[in-house]
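J.: heads up, no residue letters with this:
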C-alpha cells in the first residue's frame, strides 16, 4: 500500500543527543513515526508517516481492557561508510504475525511491515548514532482500538512504528551480569502466550524482576510453569550455556520466545565449529554442572543487548559463579562476530543484512 509522508513542522523537530555515550536505552525518540490502520471490512488503510506524538484513544479501547497488544524489536545500523542497514527484519515480520494470530489480530503484510520501516528509517537516518555499541532501536507495535467492552477481538487496530537511538541495554556495557533463578512466580505455561511477543508476558514478569533487583541481581531466569524445574528464558533474552565446545539451550516448545538473536547465535556458533544442543535443562543438574566446572560459560542473546555474558546464577539463596565469573572466550567470539556482521566490520556470509536505499 502507499504510505503518505506528512510534513514535519519546525516546532515538531527535536534536539538530537550531542553525547552518544549518554544515550541509554529507549528514552529518546525520533521526529517521526509510522501509523497504519486496519478496519473490519476495509483491511489496511490510512498509511502515513507523521510527526511523533501521542494518540487520542477512547477509554473503552480493547487494548486497555483485554490486552490486544503485540510488539517487536529490531535495530538499524549506520556503517562507517554511511550505509544504513537492518538485521534480519523478515524474521521480525514473521514473528509479529505469529503473535498477531495468537492474539486474534490481523496480520501485517510483510512488504508493509518491512517497507514501512525502511521508509521511516530512511527519513530519520540522521538520528542513527554511529559510536561503538550504538544503534537505532525500532519498535513496531499493534493495538486494538475499538471502543467496546464486549470480550471479543477488536474491529479496529493501529499498527505503528517508533524509533529510538540507543546505547548499551545494560549500563555496565559488555560485562558479566548476575541473574536470579525464579522458582516462585512463573512467566508462561504450555498453551499460553509465552511464544508471543505481547505486553502481558512482560507485565507478569515485573514483580519477580523488581524483587531480584532488590537482592542485587540484573535479571530473572524463568523456569517452566508446570514443574518449576526446567530452564526457560530470561526476561529480556534467551539463555545459552557452554559445556566446553558444546552450546546448550532450551528448545522452542511454545512457552519461550523464538528469538531472532537466538537463531542467529546458534547458526553462527555452528558455523564456527561448535556443537549445538537444544534440550530440556534441569535447573538442579545445571547448578551441579556449574559447581563442578562443566559449564564453562553462560550468556544471553537478545535484540537489545545482542550477547550478554552471565557471571553469576543465583538459585534458592546460593550464588553459583560460572567459570571464573568473567567474559568467556566463546561469548566474546560470538559477540564480536555477530556485532561485526551487524555493523559492517565483518562480511555477512549468511545474507542477514538488509541495506536501505
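T.: That came through fine. In this text the structure is predicted, and so the values were computed from the model without any measurement. Residues are numbered from 1 along each chain as shown.
J.: hey, let's count contacts and neighbours off CA atoms from now on
T.: OK.
J.: Could I get the full set of helices for this structure?
T.: 62-66, 89-102, 110-123, 199-203, 206-214, 260-271, 283-291, 329-343 (DSSP state H).
J.: To residue 229, which of the ones you listed lies closest?
T.: With distances scored as CA to CA, the stretch of these nearest to residue 229 is helix 283-291 (5.8 Å).
J.: so how far is the closest one off the chain centroid?
T.: Relative to its chain's centre, helix 283-291 lies at 27 Å (CA atoms, centre = their mean, to the nearest Å).
J.: Also stretch 275-293?
T.: 25 Å.
J.: Make a markdown table from the helices of the chain and add mean pLDDT to it.
T.: Listed next are the helices of the chain as a markdown table, based on pLDDT from 0 to 100:
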| stretch | mean pLDDT |
| --- | --- |
| helix 62-66 | 97 |
| helix 89-102 | 98 |
| helix 110-123 | 98 |
| helix 199-203 | 95 |
| helix 206-214 | 97 |
| helix 260-271 | 98 |
| helix 283-291 | 98 |
| helix 329-343 | 97 |
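J.: Of those, give the one that comes closest to residue 189.
T.: helix 199-203 (10.9 Å).
J.: Tell me which residues are up against stretch 184-196.
T.: For stretch 184-196, contacts defined as CA atoms under 8 Å, 6 or more residues apart in numbering pick out 70, 95, 98-99, 102, 201, 204-205, 208, 222-226, 228, 253-258.
J.: Emit the PyMOL select command for whichever of those residues are buried.
T.: To isolate the buried members of these in PyMOL, using 16 or more other CA atoms under 10 Å:
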select buried, resi 70+95+98+99+201+205+208+222+223+224+225+228+254+255+256+257+258
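J.: related to what we said a few turns ago, just put the helices of the chain in a markdown table and tack on distance to residue 76.
T.: A markdown table is the format used below for the helices of the chain (distance: least, CA to CA, whole Å):
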| stretch | distance to residue 76 |
| --- | --- |
| helix 62-66 | 28 |
| helix 89-102 | 10 |
| helix 110-123 | 8 |
| helix 199-203 | 23 |
| helix 206-214 | 28 |
| helix 260-271 | 14 |
| helix 283-291 | 36 |
| helix 329-343 | 9 |
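J.: Can you check which of those gets nearest to residue 5?
T.: The nearest among the helices of the chain, by CA to CA, is helix 110-123 at 9.2 Å.
J.: among the helices of the chain, which is nearest residue 301?
T.: The nearest among the helices of the chain, by CA to CA, is helix 260-271 at 5.6 Å.
J.: Tell me where the model's unsure across the stretch 101-250 of the chain.
T.: 171-172 (pLDDT under 70).
J.: cutoff 90 now
T.: 132, 168-174, 235-236 (pLDDT under 90).
J.: all strands for it, in order.
T.: 135-144, 156-166, 177-182, 219-223, 231-234, 237-243, 246-249 (DSSP state E, counting those that start in this stretch).
J.: Let's have those in CSV, adding distance to residue 50.
T.: Formatted as CSV, these follow (distance: least, CA to CA, whole Å):
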stretch, distance to residue 50
strand 135-144, 15
strand 156-166, 11
strand 177-182, 39
strand 219-223, 36
strand 231-234, 35
strand 237-243, 32
strand 246-249, 42
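J.: and residue 87, which of those strands is closest to it?
T.: strand 135-144 (11.0 Å).
J.: what are the pairing partners of that closest one, and which direction each?
T.: Applying DSSP bridges, strand 135-144 is found paired with strand 69-71 (antiparallel), strand 74-78 (antiparallel), strand 156-166 (antiparallel).
J.: mind checking which of those strands is nearest residue 238?
T.: Going by CA to CA, the one of the strands paired with strand 135-144 nearest residue 238 is strand 74-78, 15.3 Å.
J.: Off-centre distance for the closest one?
T.: Worked out by CA atoms, centre = their mean, strand 74-78 lies 13 Å from the chain centre.
J.: Enumerate every residue touching the residue lying closest to residue 343 once chain neighbours are set aside.
T.: Among residues not flanking residue 343 along the chain, residue 79 sits closest, at 5.6 Å (CA to CA, 6 or more residues apart in numbering). Taking CA under 8 Å, 6+ apart, we find residue 79 in contact with 85, 130, 343-344.
J.: same check, this time on residue 100
T.: Residue 100 neighbours (CA under 8 Å, 6+ apart): 70, 106-107.
J.: now, among those, which is nearest to residue 316?
T.: Distances from residue 316 to those, taken by CA to CA, are shortest for residue 70, at 33.3 Å.
J.: My guess is residue 6 contacts residue 46. True?
T.: No: using CA atoms under 8 Å, residue 6 is not in contact with residue 46; the gap is 11.7 Å.
J.: what do the two both touch?
T.: By CA under 8 Å, 6+ apart, no residue touches both residue 6 and residue 46.
J.: Pretty sure residue 161 sits against residue 36.
T.: No: judged on CA under 8 Å, residue 161 makes no contact with residue 36 at a distance of 9.2 Å.
J.: okay, the two: which has more neighbours?
T.: residue 161 (25 against 21; other CA atoms under 10 Å).
J.: How about that one, nearest residue that isn't a chain neighbour?
T.: residue 140 (4.2 Å).
J.: What is the burial count for that neighbour?
T.: Neighbours of residue 140 (other CA under 10 Å): 23.
J.: Tell me the pLDDT of the closest residue to residue 143 other than its chain neighbours.
T.: Nearest residue to residue 143, sequence neighbours excluded (CA to CA, 6+ apart): residue 69, at 4.6 Å. We have a pLDDT of 98 for residue 69.
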